[in-house]
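Visitor: okay, here's the prediction I keep looking at, along with the sequence it came from:
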Amino acid sequence: MGFPILVMMLPSAVLPLSGLTWTEQRVLAIFLFAALCWVFEPIPIYATSICVLVLELLLISTHGLIWFRQGPTAQLGTLIKYQALMSTLASPVILLFLGGFFLAMAATKYRLDQNLANMMLRPLGQKPHIVMLGCMLITAVFSMFMSNTATTAMMLSLMVPILSRLDDDPKGKVAFCLCIPLAANIGGVGTPIGTPPNAIALKYLVGPHTISFGKWMLFSIPYVLAMLLIGWFLLRWLYPVKTEKISLEFEVQFLQTSKAWIVYLTFAGTILLWLTEALHGINTYIVALLPVGLFLATEVITKEELKRLNWDVLWLVAGGIALGMALEQSGLAQRVIAAIPFGSLSPYWVILLAALLATSMATFMSNTATANLLLPIVAILGTNTQSLAPLGGMKMLILCVAFSSSLGMALPISTPPNALAHAMGFIETRDMIKVGLFMGVIGLILLMTMLWVLNTIGFFAQI
């Protein structure tokens, strides 16, 4: 971990990037610190994010250590207002996630998620391949609005009675165990709150580049459905279920208490408001705070439950936003982009390489950390590379990297859903690699195709 300190202390003349200001050099050191910690995890990844914010406040802010605020303006560079850095902890993106967490916690507490899942599983019949497809669709839908990890844990628990009927069918068990994390990883792409990379992407899609909740789903749902069908066919081909019938009975019993009805109505109302922003004018972030206020005021979520929210995820995302702000406002991101001859590359190669890099990184590290590292850079790249404009410009590149970050799912360590499924004991690592690599490659091909089609029909111009 001494390497980032060395980078900060070295004379700028010996660094590969010429003409760095002192502030840019410190930002580079902080970026390297974050990258190393997010990849190797010597400390928890959420702790890395908070350390990033603290280091930025001390080293590059307008009210940091006095020794780091002195010097000729040309050499010192641009310091960042400390209020701007601290505001990342209450960024609209953070509040969007907070609202999503409240919805997920309330749905779990009042068994809305489990009852909906049971209700949707009931009519699937007894054919294993239809039951599997139904499980994948249900998992994907829940992953769009709940944590991928929580969704996977819930759906794997519902798999227990199915797996118990597959005792003499080892390939069938592998197929059913793999279908859940596969669907959870893919389904998270479907909404801005489905997975952290989506929310981080929204941080850069502002002003004329803004994408509403409904328009995001207009773009993402066809992609999710296509990927789910491909994954379903792949699992049926690689791991055919020899059991002919699966006889199941799922109990559906919605709670009828006043608080349960508050949860049902708030959940439905929030989703409806997200999808109809164009009609009422309340933006996605403000809508996300409605369940927070309602659930706390009515004690649907209690003080003790409030303490159990996934604050670590919020801090992780906030640190990524702070890192992106430092890269952009210090000028380092622009300098890095200017130093790389992207102008000599075909814009198609730029998009493809960005997608491949995101997927590769997300295979070995958190997809949130991947998005935190890459999105600030590709945002500047998309803005400054004129050859990308005919292909959708920054909007296409941001979406490409955000979606690609969710395609890294070839290892048990790639995503929490993968780890949960692997822990059940029915899946070998080679099974996950086989399916994950295939889905990653197919996902990239499908993503490139869909981005091209959407740009051709003028989708990005309509955003």
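Guide: Structure received.
Visitor: so which elements touch the helix or strand that contains Phe403?
Guide: Secondary structure assigned from DSSP states H and E places Phe403 in helix 393-405. When contacts are defined as 3 or more C-beta pairs under 8 Å, 6 or more residues apart in numbering; DSSP states H and E, helix 393-405 sits against helix 196-204, helix 213-238, helix 347-364, helix 367-384, helix 429-456, helix 459-462. C-beta: built from backbone N, CA, C; applies to glycine.
Visitor: show me the shaky parts of the protein.
Guide: Residue ranges of the chain with pLDDT under 70: 1-17, 247-250, 337-338, 340-343, 413, 460-463.
Visitor: got the domain ranges for it?
Guide: 1-87, 92-307 (automatic domain parsing).
Visitor: could you check how far the first one is from the centre of its chain?
Guide: Put plainly, it is domain 1-87. 25 Å (C-alpha atoms, centre = their mean, to the nearest Å).
Visitor: ditto for stretch 122-142
Guide: The answer for stretch 122-142 is 24 Å, by C-alpha atoms, centre = their mean.
Visitor: contacting residues for Asn283?
Guide: 212, 277 (C-beta atoms under 8 Å, 6 or more residues apart in numbering).
Visitor: rerun that using 7 Å as the cut-off
Guide: Residues near Asn283 by C-beta atoms under 7 Å, 6 or more residues apart in numbering: Glu277.
Visitor: over to the one 4 residues further on?
Guide: Val287 makes contacts with 270, 273-274, as judged by C-beta under 7 Å, 6+ apart.
Visitor: quick one on the thing from earlier: mind putting the domains of the chain into TSV with distance to Met450?
Guide: Shown next, in TSV, are these (distance: least, C-beta to C-beta, whole Å):
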stretch	distance to Met450
domain 1-87	29
domain 92-307	6
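Visitor: out of those, nearest to Met432?
Guide: domain 92-307 (7.1 Å; C-beta to C-beta).
Visitor: that closest one: end-to-end distance?
Guide: The first and last residues of domain 92-307 sit 21 Å apart, counting by C-alpha to C-alpha, to the nearest Å.
Visitor: mind listing which of the contacts of Val287 are in helices?
Guide: Per DSSP state H, helices hold the following members of the contacts of Val287: 270, 273-274.
Visitor: top of the residues you listed by neighbour count?
Guide: Trp274 (24 neighbours; other C-beta atoms under 10 Å).
Visitor: what count of nearby residues applies to the nearest residue to it once chain neighbours are set aside?
Guide: Residue nearest to Trp274 in three dimensions, not counting chain neighbours: Phe213, with 4.0 Å by C-beta to C-beta, 6 or more residues apart in numbering. Other residues near Phe213 come to 23 when the count uses other C-beta under 10 Å.
Visitor: and the helix or strand hosting Glu304, what does it pack against?
Guide: Glu304 is part of helix 303-307 when elements are defined by DSSP H and E. For helix 303-307, there is no helix or strand it packs on, judged by 3 or more C-beta pairs under 7 Å, 6 or more residues apart in numbering; DSSP states H and E.
Visitor: and that helix, how far out from the chain middle?
Guide: 25 Å.
Visitor: counting neighbours, which bits of it end up buried?
Guide: Glu305 (16 or more other C-beta atoms under 10 Å).
Visitor: tell me which helix or strand comes right after it.
Guide: Using DSSP H and E, the helix or strand that directly follows helix 303-307 along the chain is helix 311-330.
Visitor: helices or strands next to that following helix in the packing?
Guide: Right, helix 311-330 is packed against helix 22-40, helix 45-59, helix 82-86, helix 92-109, helix 196-204, helix 367-384 by 3+ C-beta pairs under 7 Å, 6+ apart.
Visitor: that older thread, of the helices and strands packed on helix 393-405, give the one that comes closest to Ser143.
Guide: helix 213-238 (9.2 Å).
Visitor: any idea of the angle the closest one forms with helix 393-405?
Guide: 40 degrees (axes from the mean of the first three to the mean of the last three C-alpha atoms, to 10 degrees).
Visitor: tell me the spacing between Leu89 and Leu96.
Guide: 14 Å (C-beta to C-beta, to the nearest Å).
Visitor: what about these two, which has more around it?
Guide: Leu96 (25 against 16).
Visitor: how about the more buried one: what's its closest non-neighbour residue?
Guide: Nearest to Leu96 is Ala288, by C-beta to C-beta, 6+ apart, at 4.6 Å.
Visitor: hang on, the earlier thing: return the distance of the next helix or strand after the helix holding Phe403 from the chain's centre.
Guide: Counting by DSSP H and E, the next helix or strand C-terminal to helix 393-405 is helix 416-422. Averaging C-alpha positions (C-alpha atoms, centre = their mean) puts helix 416-422 16 Å from its chain's average.
Visitor: got the phi/psi numbers for the residue located most distally from the centre of the chain?
Guide: Distance from the centre of the chain peaks at Pro72, with 40.8 Å (C-alpha atoms, centre = their mean). Backbone torsions of Pro72, given as degrees, to the nearest 10, read phi -60, psi 140.
Visitor: and Ile80, by the same measure?
Guide: Torsion angles, degrees, to the nearest 10, at Ile80: phi -110, psi 140.
Visitor: what's the answer for Ile282, then?
Guide: phi -80, psi 120.
Visitor: now it: closest residue in space that isn't a chain neighbour?
Guide: Leu273 (6.3 Å).
Visitor: isn't the one you found up against Leu279?
Guide: No: Leu273 is beyond contact range of Leu279, at 9.2 Å (criterion: C-beta atoms under 7 Å).
Visitor: and Met361, what does it touch?
Guide: Neighbours of Met361 in contact, by C-beta under 7 Å, 6+ apart: 370, 408.
Visitor: what distance do you get for it to Gly172?
Guide: For Met361, the distance to Gly172 - C-beta to C-beta - is 33 Å.
Visitor: roughly how far does the closest residue to Phe254 other than its chain neighbours sit from Leu137?
Guide: Leaving aside its sequence neighbours, Phe254 sits nearest to Asn115 (C-beta to C-beta, 6+ apart; 5.2 Å). Using C-beta to C-beta, one gets 17 Å for the distance from Asn115 to Leu137.
Visitor: likewise for Ile30?
Guide: According to C-beta to C-beta, Ile30 stands 42 Å off from Leu137.
Visitor: out of the two, which sits in the busier spot?
Guide: Ile30 (26 against 19).
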